[in-house]
Structure formats: structure tokens, C-alpha cells
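structure, please.
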Amino acid sequence: MGNRQYRSQGARRTDVRPIIVFHSLKMELSALIAIATAIAFAMCWFLLKFGWSGWIAMPITLVVALGITYTFSRGLTARLRQLRDAAEAMTEGDYTVRVPLDDASHDEVGQLARSFNEMAAELQHADQMRRDMVANVSHELRTPVSALQAQVENMADGVTEPTPANLEGILNQTQRLSDLIAFLLDLSRMEAGAASLDVERFNFAEFLDDTVEPLELADGGHAHDIQIHVPSAIMMEGDQDRLRQLFTNIIGNALKHSPDGSSVLVETHEDEDHGTVVTNVVNFGSQISPEERSDIFRRFVKGKTGPGTESGGTGLGLSIARWAAQLHGGTVKVVDDSRGVDFEITLPKYHIEQ
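The predicted structure follows:
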């Protein structure tokens with residue numbers, strides 16, 4: 001749906017706004033009063049000069065002055081009426097409404113209209129994200145719940161036996177539900193900005209080994225080889241739980257988008273000049289175009305496993321990873337690398353209160 005330019009009955013093109021050279025509404029109103037006063041004075045002087053009675057000239061002059069002021073002030077206040085009507089439309093849920101702007105809209109009302117349009121765009125985006133979230137979460141919940149229901153019903157009806165393989169399938173579906181709930185909880189914390197950090201000093205190489213081990217176990221029959229090149233002496237400060245979210249999501253994303261039997265490289269070095277620890281997670285062969293590199297960190301944006309094919313998952317992993325890095329004053333980005341997709345994670349060695 002395109003943005004709807006809102007024009008109320010009180011903001012017709014017939015409204016006159018003769019003073020457009022000023023970039024201040026106060027100056028425009030002052031000029032309008034000065035012009036109306038000058039016209040009224042000249043008219044009164046003209047009528048008195050030609051013998052009109054002051055009791056007749058003064059009322060006529062006042063009526064003319066008020067008419068001029070009213071006519072021209074409608075042009076000055078037209079955008080205020082547009083803003084009022086647009087705000088009323090937004091209260092009814094129409095976030096596509098916009099206040100039309102022109103080249104002369106540089107005064108305070110024009111600035112207010114621009115801010116209103118920016119706010120409307122943000123609200124429209126937030127509303128669309130809310131709709132997308134409901135659709136995505138509904139879809140993500142429906143799939144494991146439907147699978148669980150079918151498997152349990154088959155066991156209850158005696159169609160299938162509760163064999164270890166069937167029970168493992170049920171366990172996998174419950175794990176998907178647990179992961180989704182964890183993602184949604186992290187999303188709510190991220191939206192609320194409520195995330196306290198339990199900062200401690202730890203050995204980074206040992207931390208990465210502990211983080212990668214469950215990923216290797218969960219990799220199943222995909223036969224991925226996770227190569228870790230990390231100096232054993234690196235010590236840093238941070239919240240290990242949040243950082244584990246960061247590296248689990250980034251490395252898990254690399255595994256998801258790597259062919260079976262391929263390797264994922266995790267290599268770390270210290271940047272002494274900047275006091276940071278830089279980790280590159282590389283899955284070989286594939287690439288992400290420069291124009292898509294910022295989009296993949298947006299919520300509910302899913303990567304591609306092939307032409308026109310979305311990967312599974314919630315589309316929240318990379319956005320939560322970036323959030324966890326930002327909590328520590330770090331960054332996550334995709335950098336140029338001829339070997340393949342390279343996620344570069346930069347974290348400060350020493351935690352500084354944000």
C-alpha cells in the first residue's frame with residue numbers, strides 16, 4: 001500500500017499563502033499583520049481624504065483588514081489543519097497517511113510536518129513488523145505443534161510404536177518450540193532495552209570450545225568440520241551467556257548455510273591498537289551481496305539456502321546476535337572475503353559500562 005497524501009477540506013488549493021520567503025512562522029505572521037495594518041491605514045486615510053465620515057471609514061477599514069488577515073491566515077494555517085486531520089486518521093489506525101510538503105515548507109510548521117511524516121513512516125514500519133511477527137510466529141509455532149500432535153496421536157492410536165527414533169522426533173520438535181520461545185524472550189528483552197550483563201573475566205579459547213561443542217553434537221549427520229584457530233592466552237571481560245548467544249547464532253547460521261561435509265572456520269586475533277578481540281566466522285564457497293549484508297541482521301529476515309528458497313528458522317538469530325554484541329560495545333558485520341561468507345565479530349577486551 002502506497003503512502004496516502006492527506007488533504008482535508010480545510011486545506012484546499014484555494015487557500016492563499018502570499019508570504020513564503022520567510023523560514024519562520026513568526027516572521028510570516030508578523031509580515032501579514034504589518035501588511036494588513038498598512039492597507040487598513042492607507043484605506044482609512046484615503047476615505048477620510050475624500051470626505052468620508054470617520055464613523056463610516058473606520059468600520060469599513062476594520063472589515064477589510066480582518067478580511068485580508070482571515071484570507072491570508074488560512075493559507076498559513078492550512079498545514080496545521082492537514083496535520084490535525086492526518087493525526088485523526090492515524091488514531092483510527094491508518095499509518096499510511098502523510099502530510100504533503102512543498103519547497104516552501106521550511107518554517108516551523110513545515111518542520112513539524114516533516115517530523116510527523118517521519119513518525120508516521122516509523123509507525124507504519126513498526127505496524128508492518130508487528131503483523132509480520134504475528135504471521136512468522138504463528139507459522140513457526142504451527143509447524144512443530146502440528147508435527148507433535150500427529151506423532152502423539154499416532155502413538156495414542158497404536159499406529160506407531162514409541163520407538164527411540166519416534167521419541168527422538170518428538171524431542172526434536174519440542175526443542176524447536178523451546179528455541180522459538182527463547183528467541184521471543186530475547187526479542188522482548190531487546191525491544192524493552194532491558195538486559196543486564198553479568199560481567200566476568202574468562203579465557204576466550206575455552207569459552208569458544210564450550211560454545212562450539214553442543215553445536216557439533218547437534219550437527220547430526222551433516223558432517224560439518226568446525227575449525228577453531230584461537231590463541232590460548234586471550235583473556236576478556238563480558239557476559240558469557242550473552243556472548244554465547246552471539247557466537248551460537250553466528251556459527252549456527254554458518255553451519256546452516258554450508259553444504260554437508262564442508263568446513264566452517266572460526267579464527268580469532270587480538271587488535272592491540274584498539275583493545276579488541278576480532279573473530280571471523282567463515283563458511284566457504286557461498287557469498288552475500290553487499291546490498292544484502294545489512295538486511296540479514298533485520299528481524300524476521302531469513303537467509304537463502306538456494307535461488308528463491310528461504311532457510312528455516314525464525315529469522316531472529318542474526319538480529320539477536322547483533323544485539324548481544326552491541327550490549328558489549330561490539331559489532332557484527334559481513335566483510336569481504338574471497339573464501340566465502342565472513343562474519344566479523346569485534347568485541348572490546350575490557351568491559352566498559354554503557
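
helices of the chain, start to end?
Secondary structure of the chain (DSSP state H): helices at 25-49, 54-91, 108-156, 164-192, 204-218, 240-256, 317-327.

point out the most buried one among these.
helix 317-327 (a mean of 22; mean count of other C-beta atoms under 10 Å). For the C-beta atoms, the positions are set from N, CA and C on the backbone; glycine is no exception.

pLDDT-wise, which helix or strand of the protein ranks last?
strand 309-310 (a mean of 44; mean pLDDT, DSSP states H and E).

so what's Pro231 up against?
Ala205, Thr268, His269, Glu270 (C-beta atoms under 8 Å, 6 or more residues apart in numbering).

again, 7 Å this time
Neighbouring residues of Pro231 by C-beta atoms under 7 Å, 6 or more residues apart in numbering: Ala205, Thr268.

could you measure from it over to Phe72?
74 Å (C-beta to C-beta, to the nearest Å).

excluding its backbone neighbours, what's nearest Ile35?
Of all residues not flanking Ile35 in the chain, Ile68 sits nearest, at 7.5 Å (C-beta to C-beta, 6 or more residues apart in numbering).

quick one: that neighbour and Met27, what's the gap?
Taking C-beta to C-beta, one finds Ile68 at 18 Å from Met27.

swap in Leu185?
53 Å.

how about Val335?
Counting by C-beta to C-beta, the gap between Val335 and Met27 amounts to 51 Å.

now Thr77
Using C-beta to C-beta, one obtains 15 Å as the distance from Thr77 to Met27.

please apply the same query to Arg201.
Using C-beta to C-beta, one gets 61 Å for the distance from Arg201 to Met27.

try Asn166
79 Å.

likewise for Met119?
Separation of Met119 from Met27 (C-beta to C-beta) stands at 26 Å.

isn't Tyr95 right up against Asp127?
Yes - counting by C-beta atoms under 7 Å, Asp127 is a contact partner of Tyr95 at 5.2 Å.

please save the CA atoms from stretch 257-275 in PDB.
Extracted in PDB, the C-alpha atoms of stretch 257-275 (Å, rounded to 0.1, in the frame of the first residue of the first chain):
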ATOM      1  CA  HIS A 257      24.200 -22.400   5.100                       C
ATOM      2  CA  SER A 258      27.200 -24.700   4.500                       C
ATOM      3  CA  PRO A 259      26.900 -27.900   2.300                       C
ATOM      4  CA  ASP A 260      27.100 -31.200   4.100                       C
ATOM      5  CA  GLY A 261      30.700 -32.300   4.600                       C
ATOM      6  CA  SER A 262      32.100 -28.800   4.300                       C
ATOM      7  CA  SER A 263      34.100 -26.800   6.900                       C
ATOM      8  CA  VAL A 264      33.400 -23.700   8.900                       C
ATOM      9  CA  LEU A 265      36.400 -21.700  10.100                       C
ATOM     10  CA  VAL A 266      36.400 -19.800  13.400                       C
ATOM     11  CA  GLU A 267      39.600 -17.700  13.800                       C
ATOM     12  CA  THR A 268      40.400 -15.100  16.400                       C
ATOM     13  CA  HIS A 269      43.100 -12.500  16.800                       C
ATOM     14  CA  GLU A 270      43.700  -9.600  19.100                       C
ATOM     15  CA  ASP A 271      43.800  -6.000  17.900                       C
ATOM     16  CA  GLU A 272      46.200  -4.500  20.400                       C
ATOM     17  CA  ASP A 273      45.900  -0.900  19.000                       C
ATOM     18  CA  HIS A 274      42.100  -0.800  19.600                       C
ATOM     19  CA  GLY A 275      42.000  -3.200  22.600                       C
END
